[in-house]
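Asker: sequence plus predicted model, see below.
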Amino acid sequence: MNYKIAVLSGDGIGPEVVKEATQVLNQIAILYGFRVEYEEGLVGGASIDAYGKPLVDSVLKLAKESHAVLLGAMGGPKWDGLDYSIRPERALLALRQELGLFANLRPVKLFSALAPASTLRREVVEGTDLLVVRELTGGIYFGQPKGVTQLPDGTERGVNTEVYTTPEIERIAHVAFEAGRRRRKKVTSVDKANVLEATELWRKVVTRVHKENGYGDVQLEHMLVDNCAMQLIRDPKQFDVIVTTNMFGDILSDEAAMLTGSIGMLPSASLGGKVGMYEPVHGSAPDIAGKDLANPLATILTVGMMLRHSLDRGKAAERVERAVEGVLNEGYRTGDIQEEGCRLVGCREMGRLVREKIERIQG
Ligand SMILES: NC(=O)c1ccc[n+]([C@@H]2O[C@H](COP(=O)([O-])OP(=O)(O)OC[C@H]3O[C@@H](n4cnc5c(N)ncnc54)[C@H](O)[C@@H]3O)[C@@H](O)[C@H]2O)c1
């Protein structure tokens, strides 16, 4: 099998971490007998510098014609002053919309060796292994009407609208139940049904999808978002899959991410259309860009997600995850997860160590 991967490295540390991740994918391809062909495109600030806008049609076309998209990160101080409509991060929103990526999957797994890096006590976080499924293309970030208007008395009025339709809720509920079925078979649907009518509908539809589609093997519970925010830091181990709206997912997934100690460890996948898009959760980290200081593990784990969700190579994905865990267990750390007594390494060396470990693991 021959897979075409669109590689959009972006800005800052993007190219450094993506390079390590593609080398891991090359190695996996050889080990598992398939071929990967990369085609690179400029996005974000790099695209603004070259073409005057963050995403050009040819790059969008490239993404649409690939099996999967591997994204680095976008943005940086150089482009901060630009109008919102042409900021680097616009490329991300455009890609999600154009590729129909309505489901964002963010696994939050604490590697035991990194428990000291969390701000919470070891006994609270150890064993945390959850998946946030966030609705990505609807809700209050896109709902109409929106905007700021002038009022006759000279004051202003700001409006955003939370909107969800039955089909939008149904399709994300299916993603969550399918994911739960492959994991520990529990889905927590998070809403604010006691106050917001749109999420009252959310609760009703999720319940119906569960009941009418044979998901009886997966346990469904409902939780209000304020309680969920609290439960995540009180007892994160109670969660398996959390499914929620765009805005609640945005906030809860960042909160959940911090359980693991570093943003440099977290992968993500955006799914729903023909092509999946895979990116680390972190940004372009301009403060450490070009210095071989970035942690490439989030992007390497992102390749693991691509193997699982777009290339149907679950065994290879597990091998990548086990290799990352193995390297951490041996005490190797990049600066962001540094601790006393560890062996401090740079981005390139961390990538090499993971590849060395992959070679030694039986697949
Ligand atoms: N998906 C994306 O492309 C994305 C996401 C978030 C932020 N951004 C953009 O990135 C730029 C910087 O944003 P920010 O500073 O708020 O967030 P950031 O994630 O880039 O950095 C936050 C902090 O974490 C550190 N960090 C992040 N990733 C790391 C890694 N892999 N290894 C080691 N340390 C790491 C950085 O050095 C920094 O101290 C902004 O322009 C922002 O808009 C882009």
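Answerer: Perfect, I can see it now. Residues are numbered from 1 along each chain as shown.

Asker: please report phi then psi for Lys64.
Answerer: Dihedral pair for Lys64: phi -70, psi -30, per degrees, to the nearest 10.

Asker: any idea how many residues pack against it?
Answerer: Residues lying near Lys64 (other CB atoms under 10 Å) number 16. In this view, the C-beta of every residue, glycine as well, is placed from N, C-alpha and C.

Asker: pLDDT wise, what is it at?
Answerer: In the predicted model, Lys64 carries a pLDDT score of 97.

Asker: near the ligand, which residues of the stretch 51-200 of the chain?
Answerer: Taking CB under 6 Å from any ligand atom as the contact definition, the stretch 51-200 of the chain meets the ligand at Ala73, Met74, Gly75, Gly76, Glu89, Leu92.

Asker: next up, identify which helix or strand the last one is on.
Answerer: Using DSSP states H and E, Leu92 falls within helix 90-98.

Asker: compute the inter-axis angle for whichever helix or strand comes after that helix and helix 90-98.
Answerer: Once the chain leaves helix 90-98, the next helix or strand it forms, by DSSP H and E, is strand 103-109. Between strand 103-109 and helix 90-98, the angle formed by their directions is 120 degrees, by axes from the mean of the first three to the mean of the last three CA atoms, to 10 degrees.

Asker: now strand 103-109: average pLDDT?
Answerer: Mean predicted lDDT for strand 103-109 stands at 95.

Asker: gap between the closest residue to the ligand within the stretch 251-363 of the chain and Leu114?
Answerer: When distances are taken as CB to the nearest ligand atom, the stretch 251-363 of the chain reaches nearest to the ligand at Gly283, 2.4 Å away. From Gly283 over to Leu114 the distance is 20 Å, taken as CB to CB, to the nearest Å.

Asker: tell me the pLDDT at Gly363?
Answerer: Confidence score, pLDDT, at Gly363: 64.

Asker: what segments of the stretch 1-150 of the chain are strands?
Answerer: 2-10, 35-40, 68-73, 103-109, 129-135, 147-150 (DSSP state E, counting those that start in this stretch).

Asker: get me the contact residues on the stretch 201-350 of the chain for the ligand.
Answerer: Going by CB under 6 Å from any ligand atom, the residues of the stretch 201-350 of the chain near the ligand are 263-264, 279, 282-288, 294-295, 298, 334, 336.

Asker: one more pass at 8 Å, please.
Answerer: Neighbours of the ligand within the stretch 201-350 of the chain, by CB under 8 Å from any ligand atom: 262-264, 279-288, 293-299, 334-336, 347.

Asker: so of those, which ones are in helices?
Answerer: Within these, residues falling in helices by DSSP state H are Leu297, Ala298, Thr299, Cys347.

Asker: ok, the second one - how many residues close by?
Answerer: Looking back up the chat, that one is Ala298. Look at Ala298: counted by other CB under 10 Å, it has 24 neighbours.

Asker: circling back: tell me who's in contact with the closest residue to the residue of the stretch 251-363 of the chain closest to the ligand other than its chain neighbours.
Answerer: Closest residue to Gly283 apart from its sequence neighbours, by CB to CB, 6 or more residues apart in numbering: Ala73 at 5.1 Å. Taking CB atoms under 8 Å, 6 or more residues apart in numbering, we find Ala73 in contact with 10-14, 17, 44, 279-280, 282-285.

Asker: switch the cut-off to 6 Å
Answerer: Gly10, Gly12, Gly14, Gly283, Ser284 (CB atoms under 6 Å, 6 or more residues apart in numbering).

Asker: just want the most central residue of the chain.
Answerer: Ser268 (2.2 Å; CA atoms, centre = their mean).

Asker: what sits up against the host helix or strand of it?
Answerer: Per DSSP H and E: Ser268 is located in strand 267-271. Contacting residues not belonging to strand 267-271 are listed as 101, 103-106, 276-279, 281, 298, 301-302, 305, 309 [CB under 6 Å, 6+ apart].

Asker: just the buried ones from the residues you listed?
Answerer: By neighbour count, with 16 or more other CB atoms under 10 Å, the contacts of strand 267-271 hold 101, 103-106, 276-279, 281, 298, 301-302, 305, 309 as buried.

Asker: tally of neighbours for the residue of the stretch 1-150 of the chain found nearest the ligand?
Answerer: Nearest residue of the stretch 1-150 of the chain to the ligand, counting by CB to the nearest ligand atom: Gly75, 2.6 Å away. Neighbourhood size, Gly75 [other CB under 10 Å]: 24.
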